[in-house]
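Engineer: need coordinates for the below:
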Amino acid sequence: MNLQLLQTRLSYTFQNDALLLQALTHRSHSSLHNERLEFLGDSILNCVVASILYERYLAVDEGDLSRLRANLVKQQSLYEIAQKLELSQFLRLGEGELKSGGFRRPSILADTLEAILGAIFLDTGFDSAAKVIRAFYIPILDSVDPRTLGKDAKTLLQEFLQAKKISLPQYNVVATHGAAHSQEFEIECLVPKLGIQVYGRGGSRRAGEQAAAKLALEVAEQAMQKTPAAARKPRQRGAQLKLAGIATIQAQSEQADEPASSVAKDGKAVKQ
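Structural biologist: Below you'll find the model as predicted:
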């Protein structure tokens, strides 16, 4: 295990290597594991992220600051940072966890990252841990809109449509797949005024709706950007292309000046 490589990625060198080894040790590996360090790191992480947000967003109120912080310190966000560090190659796991793919498990990677922060705190103090945390999060905050960070896709779509005075989307279950204990839901999301019909899939109805809403928002934003304000009119919904993960806008109109139909795939609109 090349601990120097990990420390280079962290831009931090431990004075006590034993702390780093403990931070990387899952409870399945030995009795000297990282759970207490994780507890400590979680508290430090929340404090530093709160401080960053307080300094950065002077006009944002307490409720929105709390939403931002919760989104930044949640398991998925920590997992994504751990992935960038390629932390999985440094984990110390028991044989059972190794066989079951524990080195890929988001919860284990997120917990280990917090444990590392706790270890840095014990190694050289709060300022060192804060410096590492800031290096993780400043680039993230430089690339996101604080007004939308932490809001789910359905909320963002609803807010977008309301701002344009467009009726709220309609969600319908069009199919379920798989056995009862592992069903996947296929959800249709309609925005009739924009001629949008998209499909999303998820392990629950809510997850399917979120997936469909994300696609619908991408297509709606592209449609509103490409269509001059004066030309935005309700469009009749014609034949729709139904493919998982592909959002469609295929309208039939007798007007010669009607915008061309488009298919949105992977966030890019392609003229048909």
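Engineer: do a quick rundown of the helices in the stretch 101-250 of the chain.
Structural biologist: All helices of the stretch 101-250 of the chain, identified by DSSP state H, counting those that start in this stretch, fall at 106-124, 126-142, 153-163, 205-226.
Engineer: is it possible to get TSV of these that adds mean pLDDT, distance to residue 48 and mean neighbour count?
Structural biologist: Using the backbone N, CA and C atoms, a C-beta is placed for each residue, glycine as well. Shown next, in TSV, are the helices of the stretch 101-250 of the chain (pLDDT from 0 to 100; distance: least, CB to CB, whole Å; neighbours: other CB atoms under 10 Å):
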stretch	mean pLDDT	distance to residue 48	mean neighbour count
helix 106-124	97	9	23
helix 126-142	96	4	16
helix 153-163	91	27	16
helix 205-226	89	29	20
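Engineer: count of neighbours near the nearest residue to residue 94 once chain neighbours are set aside?
Structural biologist: With sequence-adjacent residues excluded and distances taken as CB to CB, 6 or more residues apart in numbering, residue 94 is closest to residue 28, at 3.0 Å. When counting by other CB atoms under 10 Å, one arrives at 16 neighbours for residue 28.
Engineer: turn the helices of the stretch 101-250 of the chain into TSV, columns for distance to residue 184.
Structural biologist: Below are the helices of the stretch 101-250 of the chain laid out as TSV (distance: least, CB to CB, whole Å):
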stretch	distance to residue 184
helix 106-124	20
helix 126-142	31
helix 153-163	18
helix 205-226	8
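Engineer: in stretch 195-203, what counts as buried?
Structural biologist: Neighbour-count burial for stretch 195-203 flags 195, 196, 197, 198, 199, 200, 201, 202 (criterion: 16 or more other CB atoms under 10 Å).
Engineer: isn't the fifth one up against residue 184?
Structural biologist: Translated: residue 199. No: Residue 199 is beyond contact range of residue 184, at 11.9 Å (criterion: CB atoms under 8 Å).
Engineer: count of neighbours near residue 30?
Structural biologist: 11.
Engineer: next one: residue 170
Structural biologist: So residue 170, with other CB under 10 Å, has 11 neighbours.
Engineer: and if you look at residue 36?
Structural biologist: Counted with other CB under 10 Å, the neighbours of residue 36 add up to 12.
Engineer: tell me the contacts of it?
Structural biologist: Neighbouring residues of residue 36 by CB atoms under 8 Å, 6 or more residues apart in numbering: residue 118.
Engineer: how close does it get to residue 111?
Structural biologist: From residue 36 over to residue 111 the distance is 11 Å, taken as CB to CB, to the nearest Å.
Engineer: anything in contact with each of the two?
Structural biologist: Joint contacts of residue 36 and residue 111 (CB under 8 Å, 6+ apart) do not exist.
Engineer: neighbours around residue 182, how many?
Structural biologist: 8.
Engineer: oops, could you answer that again for residue 172 instead?
Structural biologist: Neighbours of residue 172 under the rule other CB under 10 Å: 11.
Engineer: that one contacts residue 188, doesn't it?
Structural biologist: Yes: using CB under 8 Å, residue 172 makes contact with residue 188 at a distance of 4.6 Å.
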